[in-house]
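Visitor: Take this sequence and fold it.
(chains A, B and C)
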Amino acid sequence: MMLYFLCLVLFCVGLYGVLRKRNLIKIIIGLGIMEYAMNLFFVLLGYRFHGRAPIDAKDQGILNMVDPLPQAMVLTSIVIGLAVTALIISIAIRIYERYGTFDITKIKKLKG
Amino acid sequence: MINNSKTGMTLIVKTITRLTVGLILLFGIYIILHGHVSPGGGFAGGVIVALSFVHLMLAFGKDVAVAKVSKNMASNLESIGAMMFLLIALSGFLGGSFFLNVLAKGSPFDLLSAGTIPLSNIAIGIKVGVGLFAIFLALVVLERAK
Amino acid sequence: MKAIDIIPLFVIIPLAAAFLTSLAGRFIRRSSEVIIFIASLALLGFSVYARFLLNSAPGRILVYKIGGWVPPFGICMVIDGLSVFMLVTVNLIAFFVAVYSLSYMNQYTDKPKFFTLFSLMVCGMNGVIVTGDLFNLFVFLEIASIASYALVAFGTEAEELEASFKYAIMGSVASAFIFIGIAFLYSFTSTLNMADMARILAYKQNVWVIPFVGVLFLMGFGLKSALVPFHAWLPDAHPSAPAPISAMLSGILIKTLGVYSLIRIFFNIIGSTHGYLTILMFLGVASMLVAVVLALSQWDLKRLLAYHSISQIGYVVLGIGLGTPLGVLGGLFHLFNHSVFKSLLFLNSGSVDYAAGTRDLKETGGLGKLMPVTAKTNLIASMAIAGIPPFNGFFSKAIIIIACLEKGFTGYAICAVIGSILTLASFMKVQKFVFLGEIKDKLKNIKEVPFAMLFSVVCLAIICVLGGLMLLPSLRFFLDDAVAVILRGTSYAGVVLEAASK
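Guide: Below is the predicted model of the structure:
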């Protein structure tokens, strides 16, 4: 239970970064922390005590493995996170070209 | 070209890179090809392949890496990788269902086994390898443009 | 190939089109346009064919097992009344938008990239609709979302980049909430198949996990569908995109990713309780009123339309939140109607932008004489969105209001009427400032837009006029099957698993 709670704390750190920081790059880092927290949480959900990695090998049974499904899904989620991060970073670089700043309080050509 | 001291990092980095970059590429290909019998697979191997090119680019400057794989070629290869994966999935229709593994499965833990799965791994490896490299290239080009 | 094999084609065709356009577009000029036209026409044809296939299917449901793996072990694709309703809506709009962008996108460079992202977005939306697996739904949702983030920034002007950044951050936070919700449901039920999940949840009632997951999904999908407390990104993102993409985003993306997923999860998996329905109705009414008031003071044509999207989504959610057969019918019918007339309005705003080079209401005027077709189709769409008979918007709004009165929510019915009147007011402003009045000097020599663009808007306008006919008894099956799926609630599980076991 403690581990899950720590995941929540990590998630909240990321959310704080997204909501409170003024620098575009720091917002992206906050988003990354959020993604790590949720991936960690999902992997931990599939863990069982004293389980071993879910790799099928010769002369070994399938007893006592951790749940492989969350690991597959987290891998997918990491790939999605990679795509989103790459896209947002390239947008942030383009914003820097146009506005000459990373400060979101100065980037406000759109009104309300 | 490689020993041109004007671009890239110092001589030490270049020498080490020259020694290791081939090994990294080989390791990536190994991970891709053994995806169905051991941990790893198309995505993990593809990332390692992409990293070998990124490594080259960091050590020797952009031009050396782009001479090996240009941006257009990377985009084309990426589309080809995706089409290959889709064709493998479509080949399942031969057996009656989308994504069906139509090839012979072989015996477990052999390199030549598991039907279409190694082929899918290769397709994904191509796509991820050149895709990540293209993303890196795009970000670097953007930085130069300002 | 068997007839059921068309189900995966809804994902295969746009995916293949996406990569073919990016590959062939670089070597053969105009090949990307041909590919995208054929692909979207084929998708429209297949979705109409799926509708008729469903009529002869036992139990009005088709289940496709990917790779031959039987659910709940493998991923399955499910087509039932609701899915096919959404499929027809999405592919109809996607086809007309694709035809429109053949001409419109000439102003931008790199058409093949645009069409690649466009078909990836269609692929994501079709995938969300046909999939029967919760994690698969998340993956397709992300494909559609990422494509739309990139498309909003397609012009790479300062405003577009800013809007896209905002949209991408908000969308990613929404996805994070949805992902955590899925993680909780997985740890609770040990399955990801939506039908199997519903079956297990049905005999595990009254646990704290379900309301918690409900709130997470409400936040996530509420952000994706821009209901009022979560709407801040939409008025920036939708106007900044190229006009065809605004039409796609407002017309179908927020409905597929937001409303459809919300309905599927709340009604068919978790099971709708009184509490969820009350929240949905309240959010619906709030969106309806707040957004329409904000829309009144806008002077940018596309921004005004974007606020109206939020307001009209409020009607859809209100109708569905009522939970009665009549309310759900009204909500779904309004969903279809809104996607038709809102796409039409956005395409028209694109035409004005294309011809006049501005979309500020203060700078345009008198375009009705120079662009007669655009002016007339815009009049039809404005009357439809404001709910003037005999256009389609009137029927759906009337059904929603009658359903409110029938269930005793007189206050909500009055709010719906007020919202409708304010909508009429703001569209009278659009007609007056854009198409009527004196022509400004610098706009004297503009022309009507090219044929492909006119074709799309005229076809959509005809659907607006004839949309009310869908309530005729012989055509009602299209809506009635979708309503039946929603009202079936969690017995969805039994139906799907029985169809899959054959």
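
Visitor: these two touch, right, C:Ile279 and C:Phe217?
Guide: No - C:Ile279 is beyond contact range of C:Phe217, at 11.4 Å (criterion: CB atoms under 8 Å). Quick note: C-beta positions are derived from backbone N, CA and C, even for glycine.

Visitor: Compare these two and say which is more crowded by neighbours.
Guide: More neighbours surround C:Phe217 than the other of C:Ile279 and C:Phe217, with 24 against 18 (other CB atoms under 10 Å in any protein chain shown).

Visitor: Just to check, that one is in contact with C:Ala183?
Guide: No - counting by CB under 8 Å, C:Phe217 stays clear of C:Ala183, with 12.0 Å between them.

Visitor: Could you give the number of residues near the residue nearest to C:Pro390 when sequence neighbours are not counted?
Guide: Closest residue to C:Pro390 apart from its sequence neighbours, by CB to CB, 6 or more residues apart in numbering or on different chains: C:Gly468 at 6.1 Å. For C:Gly468, the neighbour count with other CB under 10 Å is 20.

Visitor: Report the contact partners of C:Gly468.
Guide: C:390-392, C:394-395 (CB atoms under 8 Å, 6 or more residues apart in numbering or on different chains).

Visitor: Around chain A, pick out the residues from the stretch 201-350 of chain C.
Guide: Neighbours of chain A within the stretch 201-350 of chain C, by CB under 8 Å from any CB of the partner chain: C:235-236, C:240.

Visitor: Pass me the low-pLDDT residue ranges in the chain, would you?
Guide: Assuming you mean chain A. Counting by pLDDT under 70, chain A shows low-confidence ranges at A:110-112.

Visitor: not quite, I wanted chain C
Guide: Residues of chain C that meet the criterion pLDDT under 70 lie in C:1, C:205-206.

Visitor: Over in the stretch 251-400 of chain C, which residue gets nearest chain A? Let me know.
Guide: Using CB to the nearest CB, the single residue of the stretch 251-400 of chain C nearest to chain A is C:Leu294, 8.6 Å away.

Visitor: now for the one helix or strand that residue maps to, which elements pack on it?
Guide: Using DSSP states H and E, C:Leu294 sits in helix C:274-296. On a contact count with 3 or more CB pairs under 8 Å, 6 or more residues apart in numbering or on different chains; DSSP states H and E, helix C:274-296 meets helix C:209-225, helix C:301-322, helix C:410-430.

Visitor: wait, what's in contact with residue 74?
Guide: No chain was given, so I picked chain A. Contacts for A:Val74 (CB under 8 Å, 6+ apart) come out as A:39, A:42-43.

Visitor: Oops, wrong one, chain B.
Guide: B:130-131, B:133-134, B:137.

Visitor: now could you export just the CA positions of the host helix or strand of it as PDB?
Guide: Element membership of B:Ala74, judged by DSSP H and E, is helix B:71-90. What follows is helix B:71-90, C-alpha atoms only, in PDB (Å, rounded to 0.1, in the frame of the first residue of the first chain):
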ATOM      1  CA  LYS B  71      15.900  12.500 -43.600                       C
ATOM      2  CA  ASN B  72      13.900  11.600 -46.700                       C
ATOM      3  CA  MET B  73      15.300   8.100 -46.600                       C
ATOM      4  CA  ALA B  74      14.400   7.800 -42.900                       C
ATOM      5  CA  SER B  75      10.800   8.900 -43.600                       C
ATOM      6  CA  ASN B  76      10.500   6.500 -46.500                       C
ATOM      7  CA  LEU B  77      11.900   3.600 -44.500                       C
ATOM      8  CA  GLU B  78       9.500   4.400 -41.700                       C
ATOM      9  CA  SER B  79       6.500   4.200 -44.000                       C
ATOM     10  CA  ILE B  80       7.800   1.000 -45.500                       C
ATOM     11  CA  GLY B  81       8.200  -0.500 -42.000                       C
ATOM     12  CA  ALA B  82       4.700   0.400 -41.100                       C
ATOM     13  CA  MET B  83       3.400  -1.000 -44.400                       C
ATOM     14  CA  MET B  84       5.400  -4.300 -43.800                       C
ATOM     15  CA  PHE B  85       3.800  -4.700 -40.400                       C
ATOM     16  CA  LEU B  86       0.300  -4.100 -41.900                       C
ATOM     17  CA  LEU B  87       1.000  -6.600 -44.700                       C
ATOM     18  CA  ILE B  88       2.000  -9.200 -42.100                       C
ATOM     19  CA  ALA B  89      -1.100  -8.600 -40.200                       C
ATOM     20  CA  LEU B  90      -3.200  -8.700 -43.400                       C
END
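
Visitor: Go through it and flag the buried ones.
Guide: Within helix B:71-90, the residues that qualify as buried are B:74-86, B:88-89, counting by 16 or more other CB atoms under 10 Å in any protein chain shown.

Visitor: List the residues that contact the residue nearest the centre of chain C.
Guide: Against the mean C-alpha coordinate of chain C, by CA atoms, centre = their mean, the closest residue is C:Ile252 at 1.9 Å. Counting by CB under 8 Å, 6+ apart, C:Ile252 makes contact with C:89-90, C:93-94, C:125, C:339, C:343.

Visitor: Same question for C:Ala425.
Guide: C:Leu296.

Visitor: any idea how far chain A is from the one residue in the stretch 101-250 of chain C that gets nearest to chain B?
Guide: Minimum separation of the stretch 101-250 of chain C from chain B (CB to the nearest CB) falls at C:Thr116, amounting to 8.6 Å. From C:Thr116 across to chain A, the span is 14 Å (CB to the nearest CB, to the nearest Å).

Visitor: C:Ile129 contacts C:Leu87, correct?
Guide: Yes - between C:Ile129 and C:Leu87 there is a contact under CB under 8 Å: 5.6 Å.

Visitor: if you count what's nearby, which of the two comes out ahead?
Guide: Ranked by neighbour count (other CB under 10 Å), C:Ile129 and C:Leu87 place C:Ile129 first, with 28 against 25.

Visitor: Which element, helix or strand, includes that one?
Guide: helix C:111-130.

Visitor: Go ahead and flag the most central residue of chain B.
Guide: Against the mean C-alpha coordinate of chain B, by CA atoms, centre = their mean, the closest residue is B:Gly129 at 2.7 Å.
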